[in-house]
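S.K.: Structure here, sequence nowhere to be found:
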């Protein structure tokens with residue numbers, strides 16, 4: 001509503017809210033949406049946001065880029081719950097909250113991205129969208145394209161779960177399984193005029209509008225807590241899921257609605273950690289890893305965005321990496337508390353524990369861990385986490401023993 005245009009984060013060239021998907025025309029830097037914050041402050045308050053009946057992310061419309069309300073595509077995404085994780089031997093942090101994005105319409109935080117990105121596609125007059133995915137991103141893209149009446153093509157990593165690929169097709173998308181997805185994606189966008197509801201280059205915000213949807217996770221967290229957390233922990237691949245909330249925390253502070261910005265931390269697998277490597281080396285350039293390997297496919301990208309490094313450093317946060325075993329342990333602990341993240345999501349919880357061990361998170365501080373996507377969407381991965389087998393057709397005597405003394409009964 002109050003978006004003024006796009007601005008290059010490198011040379012600060014400003015342009016209109018148009019279809020610019022390959023970065024700044026002068027220097028190639030990433031573009032991001034800028035707002036007239038004086039007009040925002042005059043038009044709305046933090047309390048107004050809290051009081052609105054709309055529970056979707058569009059309650060924050062003043063700081064989203066869509067001007068034409070008739071273009072909005074929504075499935076009720078956003079307003080996800082904060083769930084407090086009890087302190088225990090496994091979880092030493094008393095003030096630890098899970099921002100549970102697994103309850104969005106397609107069970108991941110990608111719904112925030114596509115609600116805003118594809119609404120902008122409609123506002124700009126596009127009717128065809130394309131994206132590249134390892135799973136969650138494509139399923140969400142297909143759902144929002146279906147809702148918005150847009151033609152959708154999805155280039156899918158062959159390692160993506162079959163169940164998600166089927167849902168993409170059920171939503172009406174054309175699914176193309178392809179390991180080297182960048183060339184055909186650029187062909188669709190550059191040569192044939194498709195809208196990229198996905199990542200382009202430079203990462204992470206070369207498609208600037210979807211990232212604005214990720215901002216709303218920070219708005220939701222502050223509204224739910226009633227304050228800014230001390231730490232905000234995000235599993236990262238390219239890193240726009242971290243940059244978006246960091247940008248939002250800054251907006252709220254400049255508007256005078258909050259008095260601080262949390263330390264924002266990024267978590268990656270040890271086998272796919274390009275942003276962590278750049279952070280440790282003090283570099284502004286994120287390396288490209290030839291063969292990233294991890295159970296956490298959603299955050300297994302070979303490279304990422306320098307803007308993510310900027311966000312982490314300016315917030316005073318850390319970029320850390322974890323083993324697959326640490327992420328699996330966090331997934332199992334979350335399951336024991338009734339939550340169902342995929343290992344990529346549980347990386348944020350494992351990261352919180354690591355940051356508590358090294359003293360970065362101190363006693364009494366409030367921590368929000370982002371769970372980005374749901375484990376049931378990844379059945380092949382979930383199968384790897386299981387111990388033992390189901391109980392199949394037990395006899396009556398075994399059932400009687402279970403009923404009378406469940407602690408003494410093992411498997412058949």
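M.R.: Alright, I've got the coordinates. Computed from a predicted structure; not experimentally measured.
S.K.: When you work out contacts or count neighbours from here on, use the C-alpha atoms and nothing else.
M.R.: OK.
S.K.: any low-confidence regions in this protein?
M.R.: 201, 203-206, 410-412 (pLDDT under 70).
S.K.: could you point out the longest helix in it?
M.R.: helix 208-225 (DSSP state H).
S.K.: Show residues contacting that helix.
M.R.: 21, 31-33, 50, 57, 60, 64-65, 78-82, 99, 109, 112-118, 120, 197-198, 205, 228-229, 240-241, 243-249, 368 (CA atoms under 8 Å, 6 or more residues apart in numbering).
S.K.: Adjacent strands (with direction) for the helix or strand following that helix?
M.R.: The helix or strand immediately downstream of helix 208-225 is strand 231-235, counting by DSSP states H and E. Partners of strand 231-235 in the sheet, by DSSP bridges, are strand 263-269 (parallel), strand 367-371 (parallel).
S.K.: Save the ones you listed as a markdown table, and put in distance to residue 338 too.
M.R.: Formatted as a markdown table, the strands paired with strand 231-235 follow (distance: least, CA to CA, whole Å):
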| stretch | distance to residue 338 |
| --- | --- |
| strand 263-269 | 23 |
| strand 367-371 | 13 |
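S.K.: mind checking which of those strands is nearest residue 355?
M.R.: strand 263-269 (9.3 Å; CA to CA).
S.K.: which helices and strands sit right next to the next helix or strand after the closest one?
M.R.: Using DSSP H and E, the helix or strand that follows strand 263-269 towards the C-terminus is helix 274-281. Applying 3 or more CA pairs under 8 Å, 6 or more residues apart in numbering; DSSP states H and E, we find helix 274-281 packed against strand 263-269, helix 306-315, strand 319-322.
S.K.: Would you tell me which of the ones you listed gets closest to residue 282?
M.R.: helix 306-315 (9.4 Å).
S.K.: and the contacts of helix 208-225, which of them are in strands?
M.R.: Counting by DSSP state E, the part of the contacts of helix 208-225 found in strands is 31, 32, 33, 82, 99, 368.
S.K.: doesn't residue 349 make contact with the fifth one?
M.R.: No - Residue 99 is not in contact with residue 349 according to CA atoms under 8 Å; the separation is 10.7 Å.
S.K.: Between the two, which contacts overlap?
M.R.: With CA under 8 Å, 6+ apart, residue 99 and residue 349 have common neighbours residue 369.
S.K.: Looking at the two, which is more packed in?
M.R.: Per other CA atoms under 10 Å, whichever of residue 99 and residue 349 has more neighbours is residue 349, with 32 against 25.
S.K.: tell me the contacts of that one?
M.R.: 233, 330, 369.
S.K.: Ok, residue 72 next?
M.R.: Counted by CA under 8 Å, 6+ apart, residue 72 has contacts 66, 115, 116, 119, 120, 122.
S.K.: The last one should be in a strand, yeah?
M.R.: No - with DSSP: H, G, I helix; E, B strand; the rest coil as the criterion, residue 122 is located in helix rather than a strand.
S.K.: Would you mind measuring from the residue lying closest to it once chain neighbours are set aside to residue 347?
M.R.: Excluding its sequence neighbours, the residue lying closest to residue 122 (CA to CA, 6 or more residues apart in numbering) is residue 71, at 5.5 Å. Residue 71 sits 35 Å away from residue 347, going by CA to CA, to the nearest Å.
S.K.: Residue 141 now?
M.R.: Counting by CA to CA - residue 141 and residue 347 are separated by 24 Å.
S.K.: Highest neighbour count among the contacts of residue 349?
M.R.: Result: residue 233 is most packed of those (other CA under 10 Å), 29 neighbours.
S.K.: Quick check, it in contact with residue 351.
M.R.: Yes - using CA under 8 Å, residue 233 makes contact with residue 351 at a distance of 7.4 Å.
S.K.: Find the residues that touch each one of the two.
M.R.: Common neighbours of residue 233 and residue 351 (CA under 8 Å, 6+ apart) are residue 267.
S.K.: wait, what's in contact with residue 158?
M.R.: 134, 177, 178, 179.
S.K.: let's go with 10 Å and repeat that
M.R.: Residue 158 makes contacts with 133, 134, 135, 165, 176, 177, 178, 179, 180, as judged by CA atoms under 10 Å, 6 or more residues apart in numbering.
S.K.: do the same with residue 353
M.R.: Per CA under 10 Å, 6+ apart, neighbours of residue 353: 90, 91, 92, 93, 96, 326, 330, 347, 359, 360, 361.
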